[in-house]
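Trainee: quick check, what structure comes out for this input:
(chains A and B)
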Amino acid sequence: MTQPSTSTLSSAAAGPAELMIEARGVEKWYPNGFHALRGCDLEVRKGEVVVIMGPSGSGKSTFIRTFNALEDFQQGSITVDGITLSNDLRRIDAIRREVGMVFQQFNLFPHLTVLDNLTLAPVLVRRRPKAEVERQARALLERVGISEQADKYPGQLSGGQQQRVAIARSLCMEPRIMLFDEPTSALDPEMVREVLQVMRGLAADGMTMVVVTHEVGFAREVAHRVVLMAGGEVVEEASPDTFFTSPSQPRTRQFLNQIL
Amino acid sequence: MKPLLRRLRHDLFATPADGLITLVLLGMIGAGGWAFLHWAFRQARWAVIQANSTLFAVGRYPIEQQWRLWLLTTLLAAATGLIWGLLRSHPRPDRGGQLWPRNDRLAVAVLLALSLVVPGALGFAPALVGRWLAIGLLLVLMRWLAGRFGPALPPALKRWLPVGLPILYLLGMVLIGGGFGLVAVSSSEWGGLVLTLLEATFAILLCFPLGVLLALGRRSDLPLLRWGSVLYIEFIRGAPLITLLFLGQNMIGFLLPGGLAPERVWRAAWVLTLFAAAYLAEAVRSGLSAVPRGQLEAARSLGMSTIQAFITVVMPQALRVALPSMVGQFISLLQDTTLLSLIGLMELLGTARTVMANPAFLGRNAEVYFTLAVLFWCCCAALGLGSRALERRLDPASLARSG
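Mentor: Residues are numbered from 1 along each chain as shown, chains lettered A, B, ... in the order given. Next up, the predicted model:
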């Protein structure tokens, strides 16, 4: 009998959106003994954009890299798209197929053309016909605004163009979640805008995104929630308005004073 | 004329010290060149090469079966021309490839001149001169045909053409050794340049996959595999090849029951292979460590398995970095085959030693060694040229420069 009221409370649409990432009490020690993550929790629902901020060395990158098992962890649990992360390699591959990742250093494959960068994984991993993937890849390159560069090599593109190719490469796998690990930190200032523009478009289309970034403007405008990490802990989690204007934690105020 | 003079002055006589160095070097080069020409045309007696050219080429291979080697040479020339032409006719998408770049025209001219002049200068019978010229012409013809009609070939056919190379190699083995209806020629009758090239190509082809596996083993997470690879690589690299060759000749006989032990030629080929693999593994390892970690992470984050990521992303980049040092290994492997003469095989150096031991050619060592040096230089230069062409082809940076 209380069901209708809960659904109207949690969301304007039909019921709470599906849980895409659920991290509970994640603890990680590096082999050298460094305690990188100290009991981190995070929930990301379908269609949500969560921005993670924090000083360097706070564990932000390590945290989102645990979501697609590029980093392991020792305690706690992480469930991604309904699959619980474990040491089972087949499960890890299954998760990675559904989770796209964009790196600070782009990590495009320099020996392949832009088009081949996009088509390699879908053909190899999803076993889709090459011609069909190629059509989709060209459409994606069009969408990120570099369709005329399809036959060039990554080394021939600017940093901003490379990062847009990297986003398109992830999208070509048709992921359900996209992780961004400081996607604009290695870019010249004039190229940051074009990459953020592509990410705004993705968010507007309803992609579930977790973004580690220092771009305050992007966080204010696009994020549903902003998370502050410091010293390997999740310090604060709030809506962008609350986060930037009236944060509850002194650590957050201190961090904001440094970057604003 | 004026610009040339000015350039000479600028390059060679810019300062008094430069001028002095230029004059001294010119003097040394001139004196050395004069002494060599004087030796080559006045003192040397090239009859030893003329009389033994067949011996140098094929050793004691039975005369009535030598048509098989001619056939093999013809096939190789045709295949070379075909590959050369196809490579030129299929330029990379963003490079306006020329069908006949200047270097190719030069190479064809040199090739035809060599196949016309060298056999004649060595005093071969007209029939032999004709054969060499025909083989040279065939190579150029195939180059022309492949360049002209290559683009029109169906892509499916072109994709399967590389399969022809291992088939050609196995066919070559059959032609040399017999079988499949051909009279068997025992490996103890193989010799000369044929044996040298056979040993070298066998070792080069087989040490490559072995070296890659060793390099991967050395980076493996499995301790047993890692330590096994390290142990093997370090042991082989710590032992001189000649001791390993003697060890191979003696030990394989003990390890395998009499009939199963391979013949000496093959024992030596396997030792060369196992030896070269250890060095190749180190070259590949340096290539692997040059590939940034992010490449593997990116490939894995796209859902590729480790094996898929290694084959499609990591290895192509690692091998490109390792290519120059790998070719260096292949070149020294080719030269190392001369050590086989010390365990009694009649490859080029072994053949040369029997020739020099013949009383009829007493004291003609310089001519023989000089010929050997030129032959080896030709083979190594071909390897080097091929590798540089491959490097340019594999390097996206050079595409960027020319595109």
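
Trainee: tell me the pLDDT at B:Pro359?
Mentor: With respect to pLDDT, B:Pro359 scores 88.

Trainee: pull the number of nearby residues for it.
Mentor: Burial measure for B:Pro359: 5 neighbouring residues, criterion other CB atoms under 10 Å in any protein chain shown. Bear in mind the C-beta positions are built from the backbone N, C-alpha and C, glycine included.

Trainee: now do B:Leu224
Mentor: By other CB under 10 Å, 9 other residues sit near B:Leu224.

Trainee: helix, strand or coil for it?
Mentor: helix (DSSP: H, G, I helix; E, B strand; the rest coil).

Trainee: how much space between it and B:Gly191?
Mentor: As judged by CB to CB, to the nearest Å, B:Leu224 and B:Gly191 stand 43 Å apart.

Trainee: could you measure from A:Val50 over to A:Gln156?
Mentor: Distance of A:Val50 to A:Gln156, computed by CB to CB: 34 Å.

Trainee: the two: which has the busier surroundings?
Mentor: Taking other CB under 10 Å, A:Val50 and A:Gln156 do not tie; A:Val50 has more neighbours (22 against 19).

Trainee: can you verify the more buried one is assigned to a helix?
Mentor: No - counting by three-state DSSP, A:Val50 falls outside a helix, being strand.

Trainee: point out where the stretch 51-200 of chain A drops to low pLDDT.
Mentor: A:87-89 (pLDDT under 70).

Trainee: contacting residues around stretch A:231-251?
Mentor: For stretch A:231-251, the surrounding residues in contact (CB atoms under 8 Å, 6 or more residues apart in numbering or on different chains) are A:28, A:35-42, A:51, A:54, A:58-59, A:216, A:219-221, A:223-230, A:252-253, A:256.

Trainee: check the offset of that stretch from the chain's centre.
Mentor: Centroid separation for stretch A:231-251 versus its chain: 19 Å, with CA atoms, centre = their mean, to the nearest Å.

Trainee: quick check: end-to-end length of it?
Mentor: Using CA to CA, to the nearest Å, one end of stretch A:231-251 lies 10 Å from the other.

Trainee: with stretch A:219-236 instead?
Mentor: 14 Å.

Trainee: mean confidence for that stretch?
Mentor: 93.

Trainee: same question for stretch B:231-241.
Mentor: 93.

Trainee: could you do stretch B:23-37 as well?
Mentor: Rounded mean pLDDT across stretch B:23-37 is 94.

Trainee: could you do stretch A:30-38 as well?
Mentor: In this model, stretch A:30-38 has an average pLDDT of 91.

Trainee: residues touching it, excluding its own?
Mentor: Stretch A:30-38 is touched from outside by A:26-29, A:59, A:62-63, A:66, A:73, A:231-233, with contacts defined as CB under 8 Å, 6+ apart.

Trainee: the residues you listed in strands, which ones?
Mentor: A:26-29, A:233 (DSSP state E).

Trainee: scan these and report the most crowded one.
Mentor: Top of these by neighbour count (other CB under 10 Å): A:Val26, with 27 neighbours.

Trainee: the closest residue to that one other than its chain neighbours: what's it in contact with?
Mentor: Using CB to CB, 6 or more residues apart in numbering or on different chains and skipping residues adjacent in sequence, the residue nearest A:Val26 is A:Gly76, 3.9 Å away. Shown in contact with A:Gly76 (CB under 8 Å, 6+ apart): A:23-27, A:39-40.

Trainee: buried ones from the residues you listed, can you make that a ChimeraX selection?
Mentor: The ChimeraX command for the buried members of the contacts of A:Gly76 (criterion: 16 or more other CB atoms under 10 Å in any protein chain shown) is given here:
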select /A:23,26,40
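
Trainee: element containing residue 164?
Mentor: Went with chain A since none was named. In this assignment (DSSP states H and E), A:Arg164 forms part of helix A:159-171.

Trainee: wait, I meant chain B there
Mentor: B:Gly164 belongs to helix B:164-177 when assigned by DSSP H and E.

Trainee: then B:Leu138?
Mentor: helix B:126-149.

Trainee: after that helix, next one along is what?
Mentor: Going down the chain from helix B:126-149, the next helix or strand is helix B:155-160, by DSSP H and E.

Trainee: get me the contact residues on chain A for chain B.
Mentor: By the rule CB under 8 Å from any CB of the partner chain, the part of chain A lying against chain B is A:68, A:70, A:93, A:96-97, A:99-101, A:103, A:105, A:107-111, A:113, A:120-121, A:124-126, A:151-156, A:166, A:169-170, A:173.

Trainee: among those residues, which lie within helices?
Mentor: Judged by DSSP state H, the subset of these located in helices is A:93, A:96-97, A:120-121, A:124-125, A:166, A:169-170.

Trainee: count of neighbours near the residue of the stretch 151-260 of chain A at minimum distance from chain B?
Mentor: Taking CB to the nearest CB as the measure, the point where the stretch 151-260 of chain A comes nearest chain B is A:Tyr153, at 4.0 Å. Close neighbours of A:Tyr153, defined as other CB under 10 Å, add up to 24.

Trainee: ok, now A:Val195?
Mentor: By other CB under 10 Å, the residues close to A:Val195 number 25.
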